[in-house]
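Enquirer: sequence-free structure coming up:
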């Protein structure tokens, strides 16, 4: 199964912890897990937990425009994308969870 988690809320909200737990559960079940960061969710890219999820097999995407607006320069392990890229990810996924 392809699982996509979209997060738009800040990294110090309950949504961040929920996203981490959902992503870990998906990875443990061998689901192809992707996480897309947008809006204030972009700040989550600066937290160690996201790199750990990437290292465990999650694909990490972010909206390049939102990152630029917030002055965030994500690491090379996170893939630059756009709202068009998000639309494509949504259509390719079996389950989509939006946390905002």
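Expert: Perfect, thanks for sending it. Computed from a prediction, not measured in an experiment: that's the story for all the values here. Residues are numbered from 1 along each chain as shown.
Enquirer: And for the residue nearest to residue 99 when sequence neighbours are not counted, the neighbour number?
Expert: The shortest distance from residue 99 to any non-neighbouring residue, by Cβ to Cβ, 6 or more residues apart in numbering, is to residue 15 (4.0 Å). (C-beta placed from N, C-alpha, C; glycine too.) Residue 15 has 19 neighbours, counted by other Cβ atoms under 10 Å.
Enquirer: can you check the one 5 residues further on too?
Expert: Using other Cβ under 10 Å, residue 20 has 20 other residues around it.
Enquirer: Could you check the pLDDT of the spatially most central residue of the chain?
Expert: With distances taken as Cα atoms, centre = their mean, residue 35 lies nearest the centre of the chain, 2.5 Å away. Per-residue confidence (pLDDT) for residue 35: 98.
Enquirer: likewise residue 86?
Expert: The model reports residue 86 with a pLDDT of 98.
Enquirer: pretty sure it contacts residue 36?
Expert: Yes. Counting by Cβ atoms under 8 Å, residue 36 is a contact partner of residue 86 at 5.5 Å.
Enquirer: So for these two, which residue has more residues nearby?
Expert: Taking other Cβ under 10 Å, residue 86 and residue 36 do not tie; residue 36 has more neighbours (25 against 18).
Enquirer: Residue 41 - how many residues pack around it?
Expert: 25.
Enquirer: Enumerate every residue touching it.
Expert: Residue 41 sits next to 6, 7, 8, 9, 10, 11, 99 when contact means Cβ atoms under 8 Å, 6 or more residues apart in numbering.
Enquirer: Repeat that for residue 20.
Expert: By Cβ under 8 Å, 6+ apart, the neighbours of residue 20 are 49, 53.
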